[in-house]
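1. Following is a predicted model, sequence given first.
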Amino acid sequence: MSLASALNIAQSALGSVSRQTSIVSRNVTNAGDSDYHRREAALVSTAPGLRATEIRRAADELLLRRNLSATSAWSGQSALRDGLERLSLNIHGVDGGASVATALGKLSEALQTFASSPSNRTLATNAVEAGRAAVGALNTGAQAVQTIRAEADAGISTAVGELRGLLEEFGRANDEVVLGAKVGRDVSDALDQRDAALKKIAALVPVSTFTRAGNDAVIMTADGATLFETVPREISFAPTAVFTPGAAGNAVLIDGVPLKGGPNASGQIAGLIELRDGAALGVERQLDEMARLMIAAFRETDQTGSGLPDRAGLFGWSGGPALPPAGTLQPGLAGAIRLNAAFDAGAGGDPLRLRDGGANGAAYNANPAGNASFSALLIRYGDRMEEPVAVDARAGLAGPVSASAYSAAAIGWFEAARARATDGAATTEALMVRTGEALSNATGVNVDHEMSLLLDLEHAYEASARLIKAVDEMLAALLAMVR
Amino acid sequence: MKISQTSTLSLSQNLRLSLLRTQNELSAAQVEVTTGRLADRGLALGARSSLSVTLARDLERVRNITDTNALAKSRLAATQNALGDLGSRAQGFLSTLTAGVGGDAGPSVLGGDARATLEMMTAVLNSALNGEYLFAGINTDVEPLTPWKPGSPAKTGFDAAFVARFGFPPGDPAASGISKADMQGFLASVEPQFLGAGWADWSAASDAPIQSRIALNETAPTSVSANADPIRKLAMAASTVSELMAGALGPGAREAVVERAVALVSEAIAGLGQLQSDAGISQKRVSEATLRLEAQADLFERHIGKLEGVDPYEASTRVSQLMDQIEMSYTLTARLGELSLMRFLR
């Protein structure tokens, strides 16, 4: 041992302290970055007294994985919830004020009021206007469903583009990690970037990852399709410009495997697929069934006994004057239902046809004598709205059920889906926040901790400097003796 | 040495997130306190929303039918009154006729009373309520009864039948020669003009009464038609007496007319009583249905309250609790912001 080696050691200590200080300063700078993982300086002995500083990155694979799956679940459920909330506002209005169920209730009241004084033309007009409001509710609903489906489709398209970009980003970071590991470079920053990209990918699709030799990562979807292996895999999606009523949209293919929706959809894309092809399509089918039940409830029947077929009455549609086939879903009917012009005073019709019938010719007139207080037909319409009939099970509601009960049941069906999605979003949000917090605690920076480290480093630096000074003095004393 | 730590980021984020959550809850609770109902019904009820929609709609329908029942009720009450008036008029006419049989009232008295009865009948049966003729059946926009006067189809038909039978009008001096049996035969032959198809000359009313929905699934007739049998009988008695008493009939023929009229009016009085009690039954059905509807409405309201209502005390307690929490959270945020090693390192 010599004074020279003491000087050497002190010098290397100074170097190590300054490197550690730089790490502390990096940690403090990035304390607010949720993607940043805390770096730690680890001292490694190389020779007696000599130390090299190695950078270690705090990581917790298990917590990260849990956080990723919670993020996927939350973003899927919240995308679904947000879509359903918009849909609810568009088709039901505030507190259900604009719903078909409300419009049918008003129609049935207007009919009853009219039936109590059938000679009153104002009440007839009032009942026909209530019918127009019901048609309006159905048309608006069908339109709103189309809009939501188109929006969801556009959202899927955007998310797919985003996913492609993120996979590119992931690929670049992954290349850097693999290369850095080979040449022994510090890859902490690349790892941070890779994890950050992975978190964003997980918000779009549920993922599982594993790492191969050289820290090379592979991403699979929860269904088992490969998203990334050395290079990003092919993700294909063709947006739909105009949705045909009743038809599902195009699938998102990841490496040839279609991504699935479902009420428990995980990941934003799956949530949007469920909104587009699950909930919104169900609502659309139910609106179509409501339109069919309404047309049927207000049908006109042959009064002459000559066996003429039933015809559409107050409510017409594109396929009229025949009735839509009973018990069978007619896609697009909610958008095609119209108020029959024969009843519409504004279009040259006569609202009193509601009382008498006969919009399809004299054979369908139930009141040929033109009696002013003829109420039988009006009462029959009211009864038919409450009469259970067969419905198509494809729309998600079981029959037989009446037109007015169907419209209420549809609200129940929808609210159940919305409540499920909201509940799912709330629970997964809690899980996401909790795992995110745990992950941040495990890998994040605590500024106070860094400050106390800085104090230690200050002391170490002072001690080393003091040592150098002491050795310097000793050497000076030695040289002075020699002189 | 590695100990579990808390990252600075999660420390500050936690406070922020929990504050946001509490504020969301507060806004919902505020709505519940002010409205007394769930802030988001659909979310809270889920699949049971359909029940809430159905109840609200049924409540509105029940109230609507209660309103329309009021109209049926007033129509029935007016009908009841009119039938009562007709009954007492028929009673008065019957006593005049009975006096006529005993010889206490002369032909001119009988004729005058018959004309009064006819006029009164026409006025009562042509009365209207809310723009609808009460006794017109469902043909409520046409006056049901054509007044009996020279030139009216019913009178023309009757006069023609008389002339066809005897060869001269009732006012002709030759009429004094009509025997009691002849007159009885004539009266029997003109009966269809009143009690049969000929009534159409008198009345534009339809046989069918107005049908009204008086409960969610119950309909009832709520009017009486001028075509009812007792009304026709009374009309026949009054019109034959008024026509034939003014003529030059002999005592035998007059006796035949008055006897037939007494029989007809007696039957009419019994029949009118029956009509009144039928209308009374309808009245009772309507008022009972209204009572039932009101009970139903109460029940629906209670159900809706149970389903959608919130306890205002509970909700307001929740509001003050949440406000406390938020205040605490503010204080904590401020205190934690000051809590930093940096402050002590100067």
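-> Yes, it's here.
2. Which residue ranges of chain A form helices?
-> With DSSP state H as the definition, chain A shows helices at residue ranges A:3-29, A:61-92, A:100-116, A:121-183, A:188-204, A:268-274, A:280-297, A:333-336, A:353-356, A:376-385, A:403-443, A:447-482.
3. A:Ser69 reaches A:Pro206, doesn't it?
-> Yes. If you go by Cβ atoms under 8 Å, A:Ser69 and A:Pro206 touch, sitting 6.5 Å apart. Heads up, the C-betas are built off the backbone N, CA and C, glycines and all.
4. Identify the contacts common to these two.
-> Common contact partners of A:Ser69 and A:Pro206 (Cβ atoms under 8 Å, 6 or more residues apart in numbering or on different chains): A:222, A:266.
5. Quick check: pLDDT value at the residue of the stretch 201-346 of chain B found nearest chain A.
-> Nearest to chain A, among the residues of the stretch 201-346 of chain B, is B:Leu341, at 4.3 Å (Cβ to the nearest Cβ). Note for B:Leu341: predicted pLDDT of 80.
6. what does the stretch 1-150 of chain A have sitting close to chain B?
-> Residues of the stretch 1-150 of chain A found near chain B (Cβ under 8 Å from any Cβ of the partner chain) are A:31-34, A:38, A:88, A:92, A:95-96, A:99, A:101-102, A:104-105, A:108-109, A:112-113, A:115-120.
7. ok so, going back, just name the most buried of the helices of chain A.
-> Of all the helices of chain A, helix A:268-274 has the most neighbours on average by mean count of other Cβ atoms under 10 Å in any protein chain shown, namely a mean of 30.
8. What is the neighbour count of A:Arg394?
-> By other Cβ atoms under 10 Å in any protein chain shown, 14 other residues sit near A:Arg394.
9. Could you list the low-pLDDT ranges of the chain?
-> I'll assume chain A. For chain A, the stretches with pLDDT under 70 are A:1, A:47-52.
10. wrong chain, I was asking about chain B
-> The low-confidence ranges in chain B, as defined by pLDDT under 70, are B:1-3, B:346.
11. coming back round to it: correct me, but the residue of the stretch 201-346 of chain B closest to chain A touches A:Glu450?
-> No. Using Cβ under 8 Å, B:Leu341 is not in contact with A:Glu450, being 9.1 Å away.
12. ok, back up a step: residues in contact with the residue of the stretch 201-346 of chain B closest to chain A?
-> A:447-448, A:451-452.
13. at 7 Å instead, please
-> For B:Leu341, the contacting residues are A:448, A:451-452, by Cβ atoms under 7 Å, 6 or more residues apart in numbering or on different chains.
14. among the residues you listed, which are in reach of chain B?
-> A:448, A:451-452 (Cβ under 7 Å from any Cβ of the partner chain).
15. Identify, from those residues, the entry nearest to A:Arg292.
-> A:Asp448 (68.2 Å; Cβ to Cβ).
16. ok, for the closest one, nearest residue in space, not its chain neighbours?
-> B:Leu341 (4.3 Å; Cβ to Cβ, 6 or more residues apart in numbering or on different chains).
17. A:Gly32 versus that neighbour, what's the distance?
-> B:Leu341 is 17 Å from A:Gly32, where distance means Cβ to Cβ, to the nearest Å.
18. was I right about B:Glu32 contacting B:Tyr313?
-> No. B:Glu32 is beyond contact range of B:Tyr313, at 11.3 Å (criterion: Cβ atoms under 7 Å).
19. Comparing the two, which shows the higher neighbour count?
-> B:Glu32 (22 against 9).
20. Show the contacting residues for the more buried one.
-> Per Cβ under 7 Å, 6+ apart, neighbours of B:Glu32: B:38-39, B:310, B:315.
21. how about the ones next to chain B among the contacts of B:Leu341 in a markdown table, adding distance to B:Gln5?
-> Below are these laid out as a markdown table (distance: Cβ to Cβ, whole Å):
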| residue | distance to B:Gln5 |
| --- | --- |
| A:Asp448 | 9 |
| A:Met451 | 13 |
| A:Ser452 | 11 |
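22. Tell me where chain B has strands.
-> Here chain B has its strands, by DSSP state E, at B:128-129, B:132-133, B:211-215, B:218-221.
23. Include distance to A:Gly76 when you put the ones you listed into JSON lines, please.
-> Shown next, in JSON lines, are the strands of chain B (distance: least, Cβ to Cβ, whole Å):
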{"stretch": "strand B:128-129", "distance to A:Gly76": "65"}
{"stretch": "strand B:132-133", "distance to A:Gly76": "62"}
{"stretch": "strand B:211-215", "distance to A:Gly76": "49"}
{"stretch": "strand B:218-221", "distance to A:Gly76": "51"}
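24. For A:Ala442, which of the ones you listed is the nearest?
-> Short answer: strand B:211-215, nearest of these by Cβ to Cβ, at 69.0 Å.
25. what's the burial count for B:Ala56?
-> B:Ala56: 23 neighbours (other Cβ under 10 Å).
26. no no, B:Arg61
-> B:Arg61: 24 neighbours (other Cβ under 10 Å).
27. is it true that it touches A:Leu111?
-> No. Using Cβ under 7 Å, B:Arg61 is not in contact with A:Leu111, being 10.1 Å away.
28. Around chain A, pick out the residues from the stretch 51-200 of chain B.
-> Going by Cβ under 7 Å from any Cβ, the residues of the stretch 51-200 of chain B near chain A are B:53-54, B:57, B:60-61, B:64-65, B:68, B:71-72, B:130-132, B:138-141.
29. So which of those residues belong to helices?
-> Using DSSP H, these in helices are B:53-54, B:57, B:60-61, B:64-65, B:68, B:71-72.
30. Put the alpha carbons of stretch A:433-451 into CSV.
-> Provided in CSV are the C-alpha atoms of stretch A:433-451 (Å, rounded to 0.1, in the frame of the first residue of the first chain):
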residue,chain,number,x,y,z
VAL,A,433,-55.6,2.2,-10.1
ARG,A,434,-54.6,-0.2,-7.4
THR,A,435,-52.1,-2.2,-9.5
GLY,A,436,-50.8,1.0,-11.1
GLU,A,437,-50.2,2.4,-7.6
ALA,A,438,-48.4,-0.8,-6.6
LEU,A,439,-46.3,-0.8,-9.7
SER,A,440,-45.5,2.8,-9.2
ASN,A,441,-44.5,2.1,-5.6
ALA,A,442,-42.3,-0.8,-6.7
THR,A,443,-40.6,0.9,-9.7
GLY,A,444,-41.2,4.7,-9.2
VAL,A,445,-39.1,7.4,-7.7
ASN,A,446,-39.4,8.7,-4.2
VAL,A,447,-37.9,12.2,-4.1
ASP,A,448,-37.2,12.1,-0.4
HIS,A,449,-35.4,8.9,-0.7
GLU,A,450,-33.2,10.4,-3.5
MET,A,451,-32.5,13.4,-1.4
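31. sorry, back to before: from the contacts of B:Glu32, which is closest to B:Ala188?
-> Using Cβ to Cβ, those come closest to B:Ala188 at B:Leu38, 76.6 Å.
32. Contacts only, for that closest one.
-> Contacts of B:Leu38 (Cβ under 7 Å, 6+ apart): B:32, B:44, B:308, B:310.
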